[in-house]
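Model the structure of this input:
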Amino acid sequence: MLIRRETPADVDAIRAVHAAAFAKTTDDAAPVEATPVDTPQVEATPVDAPQVDTPQVEATPVEATLVDALRADEGWLPAYSLVATDSDGQVVGHVVATRGRVGGEPVALGLGPLGVLPAWQRRGVGTALMHAVLGAADARDEPLVVLLGHPGYYSRFGFRPAVELGVTPPQPWGPRYFMARPLNAWRESIRGEFRYARPFDDL
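Numbers count the residues shown, from 1 in each chain. I've put the predicted structure just below:
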């Protein structure tokens, strides 16, 4: 497995990774190595469809198109869009962090989405991508990375409740899953409400 920055040739593969990683059916659970955008998932319900035992697949996950919208936004930072590839060079995972603001200042990164193809989950791909993007952010003197995710999983990467650092979540999200990872350039003066890049507001 190789971790590298995305290239223009990866765009379609990245979209496919997130579509597969965040795909849900009415009878299965969310993928393990996927950091969701915390918005309601609306199931596709065919009109007059017969009742069958096969699971119904939801509409295209918002994460599958979110990255495309982020690329067109001023908050896009190419250095933090990373892919994991297999030995044949095929993209099997992707993570991105974009410019966020705390108290109106561009002093943080919003991480997500993070997705891994189902066949590659539980094989360390998501962990490798997390370490890579956090390392890249630290090397470029970013003070803070925030995300919406499960505390039990992301605490292993040094994330903790953002409110402990004086950083509050944007509306309508509450503090429970809003987590932050201070890096070496962190300073106590970074306090206030966090705002993601604009495409997150359109979800």
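
Show me the helices in the protein, by range?
Assigned by DSSP state H, the chain shows helices spanning 11-21, 62-71, 125-139, 151-154.

buried set for the longest one?
Buried residues in helix 125-139, counting neighbours by 16 or more other CB atoms under 10 Å, are found at V125, G126, A128, L129, M130, A132, V133, L134, A136, A137. C-beta coordinates here come from the backbone N, C-alpha and C atoms, glycine included.

mind listing the strands for the protein?
2-5, 34-35, 81-85, 91-102, 105-116, 144-148, 160-161, 167-168, 178-182, 192-195 (DSSP state E).

ok, of those strands, where does mean pLDDT dip lowest?
Ranked by mean pLDDT, these bottom out at strand 34-35, with a mean of 56.

quick revisit: mind putting the helices of the chain into JSON lines with mean pLDDT and distance to A79?
Listed next are the helices of the chain as JSON lines, based on pLDDT from 0 to 100; distance: least, CB to CB, whole Å:
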{"stretch": "helix 11-21", "mean pLDDT": "97", "distance to A79": "16"}
{"stretch": "helix 62-71", "mean pLDDT": "95", "distance to A79": "13"}
{"stretch": "helix 125-139", "mean pLDDT": "98", "distance to A79": "6"}
{"stretch": "helix 151-154", "mean pLDDT": "92", "distance to A79": "21"}
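
hang on, the earlier thing: distance to A64 added to the buried residues of helix 125-139, as JSON lines?
Output for the buried residues of helix 125-139, formatted as JSON lines (distance: CB to CB, whole Å):
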{"residue": "V125", "distance to A64": "18"}
{"residue": "G126", "distance to A64": "17"}
{"residue": "A128", "distance to A64": "22"}
{"residue": "L129", "distance to A64": "17"}
{"residue": "M130", "distance to A64": "20"}
{"residue": "A132", "distance to A64": "22"}
{"residue": "V133", "distance to A64": "19"}
{"residue": "L134", "distance to A64": "24"}
{"residue": "A136", "distance to A64": "23"}
{"residue": "A137", "distance to A64": "24"}
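
out of the residues you listed, who's nearest T168?
A137 (20.8 Å; CB to CB).

these two touch, right, that closest one and Y80?
Yes. Between A137 and Y80 there is a contact under CB atoms under 8 Å: 6.6 Å.

where do the contact lists of these two overlap?
By CB atoms under 8 Å, 6 or more residues apart in numbering, A137 and Y80 have these common neighbours: A97, L109.

so the residue nearest to L165 when sequence neighbours are not counted bridges to which residues?
Of all residues not flanking L165 in the chain, A180 sits nearest, at 5.4 Å (CB to CB, 6 or more residues apart in numbering). In this entry, A180 is beta-bridged to V146, R160, by DSSP bridges.

number of nearby residues for A180?
Residue crowding around A180 was assessed by other CB atoms under 10 Å; the count is 26.

now swap in the one 5 residues further on and tell me
Residues near A185, counting by other CB under 10 Å, number 14.

mind listing what it touches?
Listed by CB under 8 Å, 6+ apart, the contact set of A185 reads D138, D141, E142, P143.

List phi and psi for it.
Here is the backbone geometry of A185 (degrees, to the nearest 10): phi -90, psi 10.
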